[in-house]
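Peer 1: output the structure for:
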Amino acid sequence: MKVLVTGGAGYIGSVVAEELLEAGHEVVVFDNLGHGHPAAVPKNAQLIVDDLADRGRLDQLLRSQVFDAVMHFAALIEAGESMKVPEQFFRNNTANALTLLEAMLAAGVRRFVFSSTAALFGNPERTPIEENDAFHPTNAYGESKLLVERMLAWFHQIHGLRYASLRYFNAAGAASPDKGEAHQPETHIIPSILQVALGRREHVNIFGVDYPTPDGTCVRDYIHVSDLARAHLRALHALENSSPLIYNLGNGQGFSVRQVVEVARKVTGHPIPVIESPRRPGDPAVLIASSEKIRRELAWQPRFPDLESIVRSAWQWHRSHPDGYQKH
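Peer 2: From the prediction side, this is the model:
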């Protein structure tokens, strides 16, 4: 297939683009490079630097090349930031997704794989979270993604759009020593902790120590980015026979922030000082996503289910790329 990967210069999108190429597909990456890195784009992928807000540019691209599918990763992702400037998240994540979907429909592209999030569920009624559990986003980021999922359901019903929504929470780890996580500024927990071990930060902040969890800190389900990428490919291929495909993606087990710090101390051999800070608005106490449905239906299994192997792969990347992609 020929696949358009929006946000393909970013952390997850670039890994999926690599997996697509290895599977024999043709890849065009579409990215405004606001948060992406040209060096992250696989060598055999075409890179188009442009913005999803430009409908005319999307129409031109989708008319000039014939695509079999779109995989959509381009989005703002910081839940805490979404509680400060929600308008930016609804513009980038929701409105731009609608522009992309309109352009796809006009061009006759009918296959869509959406990078969604377990943040749809907010403070879940049970864990691990299953696909049909109630939606209660506690931040504008989760709401911006939920609105896209609602649009997709209507577009499937009315226009016959074949789509997959993959919901995950904490993507982590590095796909290879040359392809890892690099955000500016970095706010994700594992890279932030490893920056302390690299001497780039003096300490790591733990936001909230009074949650109703065993040690008072937030509990999250961490999934290796390569496992995520393989799930996206399986979903893309499965759209040949079934739609919609909606899956939660996780390891089915959660780790607290304190546990992540302890694993990082073990992996790096660094003491990693912590400072306890107030809660961030919109952070649910526990998010653990069941992936039983995708395991059952698409025979997907995580290859890196344990936290230590995830952190070790991230540490290998950050040691060899202390400045991310900037000097590579």
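Peer 1: hey, let's count contacts and neighbours off CA atoms from now on
Peer 2: Fine.
Peer 1: ok, residues contacting stretch 182-202?
Peer 2: Stretch 182-202 is contacted from outside by 11, 35, 78, 172, 181, 203-204, 257, 260-261, 264, 268, 270-273, 311, 314-315, 318-319, 322, 324-325, using Cα atoms under 8 Å, 6 or more residues apart in numbering.
Peer 1: quick one, which of the residues you listed are buried?
Peer 2: Buried by 16 or more other Cα atoms under 10 Å: 11, 35, 172, 181, 203-204, 257, 260-261, 264, 268, 272, 311, 314-315, 318-319, 322, 324-325, out of the contacts of stretch 182-202.
Peer 1: what's the local residue count around residue 246?
Peer 2: As a burial measure, residue 246 scores 20 neighbours (other Cα atoms under 10 Å).
Peer 1: with the one 4 residues further on instead?
Peer 2: For residue 250, the count of nearby residues is 30 (other Cα under 10 Å).
Peer 1: let me see the backbone angles for it.
Peer 2: Backbone torsions for residue 250, taken as degrees, to the nearest 10, come to phi -170, psi -180.
Peer 1: was I right about it contacting residue 168?
Peer 2: Yes. If you go by Cα atoms under 8 Å, residue 250 and residue 168 touch, sitting 6.3 Å apart.
Peer 1: roughly how far apart are the closest residue to residue 47 other than its chain neighbours and residue 319?
Peer 2: Among residues not flanking residue 47 along the chain, residue 29 sits closest, at 4.8 Å (Cα to Cα, 6 or more residues apart in numbering). Taking Cα to Cα, to the nearest Å as the measure, residue 29 and residue 319 are separated by 27 Å.
Peer 1: for the nearest residue to residue 239 once chain neighbours are set aside, give its distance to residue 39.
Peer 2: Distances taken as Cα to Cα, 6+ apart place residue 162 nearest to residue 239, at 6.5 Å, with adjacent residues excluded. Separation of residue 162 from residue 39 (Cα to Cα) stands at 31 Å.
Peer 1: give me the more crowded residue out of those two.
Peer 2: residue 162 (24 against 17).
Peer 1: give the buried residues for stretch 48-63.
Peer 2: 50-53, 58-59, 61-62.
Peer 1: now, which of those sits nearest residue 220?
Peer 2: residue 52 (30.7 Å; Cα to Cα).
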